[in-house]
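Asks: task: produce atomic coordinates for the following.
(one chain, ligands or ions: 1)
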Amino acid sequence: MTMTAKQWLQRIRELPLTGKVRIMNVCGGHERSITMAGLRGALPDNIELIPGPGCPVCICPEEDIFEAIQIALHEPVILVAFGDMLRVPVNVRKQDVRSLEQARAQGADIRPIASPMEAVQIARANPDAHVVFFAAGFETTTAPVAAMLEQGVPENLLLLLSGRLTWPAVAMLLDSGTPGFDALVAPGHVATVMGANEWRFVVDRHHIPSAIAGFSSESLLAAFYSVLRQHIEHKPFLDNCYPELVSNNGNQAAQRHLQHAMTVTDANWRGIGTIPCSGFSLSEKYKQHDARHIWPGYRDAARKRAGEMPPGCDCAQVVLGKIYPVECRLYGTACTPRSPIGPCMVSDEGACRIWWAGGARAKQTA
Ligand code: SF4
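Replies: Numbering: from 1, shown residues only. This is a model prediction of the structure:
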């Protein structure tokens with residue numbers, strides 16, 4: 001029997017919860033659905049819903065954006081990137097170019113795209129130019145990029161890759177000993193590609209109640225109910241509450257493309273630092289399509305910037321679920337969607353932007 005959101009809420013309210021339970025999600029789509037449907041306010045007060053590392057734009061390291069800006073400004077290229085990325089600022093002197101949008105205003109040929117195929121189309125339409133695709137994203141974005149490479153791309157299409165895997169960030173939080181959450185709602189889109197099995201470590205190694213959710217209120221509430229029940233009964237397991245799209249092993253063809261086109265590497269996360277085995281780089285056979293191979297100098301210059309964040313920016317704390325967006329010192333004052341300081345206020349998947357869009361306008365204690 002399919003249950004409505006109202007019925008799930010009723011079942012959650014009837015659970016014999018005694019203390020506070022903190023449930024983390026690691027997907028910007030989940031956070032958007034939760035906020036826009038008002039699920040936080042509808043749940044009992046002792047259930048906290050914490051947005052975690054679920055926004056690929058927010059964790060894209062500053063040095064990668066800096067590198068993209070420098071290539072766009074100093075090389076005769078067309079640089080394409082997903083639209084959100086254009087407005088993400090880097091921490092440079094006031095008089096310097098601090099975003100791809102500003103680089104475009106200075107004459108760089110920078111174009112927003114919505115899919116990898118658009119990058120291919122632009123490369124085909126401009127055979128005499130290098131087209132650099134600044135591809136930042138999680139597995140759901142990187143798998144189509146890998147498929148695009150495997151299917152064959154024009155010689156003039158180069159990749160500036162900033163791909164990341166989601167689960168290592170959760171593993172890092174759990175391994176820290178102070179994860180800040182009692183239960184996990186795992187990302188439905190990522191699990192569609194990589195499979196439910198990728199998240200079993202949360203239960204097997206850390207005994208944390210877990211469920212994979214889709215994006216409807218019903219699916220999210222079913223996942224909340226599941227992890228709350230697991231928590232009460234002290235019987236954690238991985239519950240797949242998105243079975244219509246998520247299988248245990250995921251999309252095998254997409255994973256093959258990733259294995260052939262990419263290598264998994266240690267990678268830097270903005271404001272967080274290096275997380276082992278959390279990034280993708282292009283495999284050796286695609287070296288001729290790697291912008292970093294063609295222009296290594298910008299990478300070296302960019303690396304010196306690793307870890308820098310704008311003064312006062314708490315994005316790293318928000319991304320790790322250590323504070324709520326409204327607890328950032330700059331939220332709604334110096335940092336708004338019109339004038340963002342950090343990436344979490346730029347991206348549609350950023351928690352600050354989502355909370356702002358959901359009506360949380362004042363800097364406050366959540
Ligand atoms: S309010 Fe702005 S500076 Fe603060 S965490 Fe959010 S995006 Fe970063």
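Asks: all contacts plus neighbour counts: C-alpha atoms, from now on.
Replies: Will do.
Asks: tell me the residues of the stretch 251-366 of the chain that contact the ligand?
Replies: Selection of the stretch 251-366 of the chain residues close to the ligand by Cα under 6 Å from any ligand atom yields 313-315, 318, 325, 328, 330-331, 335, 340-345, 352.
Asks: repeat the analysis, applying 5 Å as the threshold.
Replies: Counting by Cα under 5 Å from any ligand atom, the stretch 251-366 of the chain comes close to the ligand at 313, 314, 315, 328, 330, 331, 335, 341, 342, 344, 345, 352.
Asks: those strands in the stretch 1-150 of the chain, which residues are they?
Replies: For the stretch 1-150 of the chain, applying DSSP state E, counting those that start in this stretch gives strands covering 21-25, 47-51, 77-82, 109-113, 130-137.
Asks: excluding chain neighbours, what is closest to residue 246?
Replies: Of all residues not flanking residue 246 in the chain, residue 192 sits nearest, at 4.6 Å (Cα to Cα, 6 or more residues apart in numbering).
Asks: which helix or which strand is home to the one you found?
Replies: helix 188-194 (DSSP states H and E).
Asks: the helix or strand following that helix - contacts with which helices or strands?
Replies: Beyond helix 188-194 on the C-terminal side, the first helix or strand identified by DSSP H and E is helix 200-204. Packed against helix 200-204, as judged by 3 or more Cα pairs under 8 Å, 6 or more residues apart in numbering; DSSP states H and E, are no other helices or strands.
Asks: in contact with residue 265, which residues?
Replies: Going by Cα atoms under 8 Å, 6 or more residues apart in numbering, residue 265 touches 276, 277, 278, 279, 280, 281.
Asks: got the strands of the stretch 1-150 of the chain as a markdown table, with mean pLDDT columns?
Replies: Converted to a markdown table, the strands of the stretch 1-150 of the chain look like this (pLDDT from 0 to 100):
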| stretch | mean pLDDT |
| --- | --- |
| strand 21-25 | 98 |
| strand 47-51 | 97 |
| strand 77-82 | 97 |
| strand 109-113 | 98 |
| strand 130-137 | 97 |
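Asks: out of these, which gets nearest to the ligand?
Replies: When those are compared by Cα to the nearest ligand atom, strand 47-51 sits nearest the ligand, at 12.1 Å.
Asks: keeping just the C-alphas, turn the closest one into CSV.
Replies: C-alpha atoms of strand 47-51 as CSV (Å, rounded to 0.1, in the frame of the first residue of the first chain):
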residue,chain,number,x,y,z
ILE,A,47,14.0,15.4,15.2
GLU,A,48,16.7,17.5,13.5
LEU,A,49,17.3,17.4,9.8
ILE,A,50,20.8,18.4,9.0
PRO,A,51,22.0,19.3,5.5
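Asks: immediately after the longest helix belonging to the chain, which helix or strand?
Replies: Ranked by residue count under DSSP state H, the longest helix found in the chain is helix 217-233. For helix 217-233, the following helix or strand on the C-terminal side (DSSP H and E) is strand 238-240.
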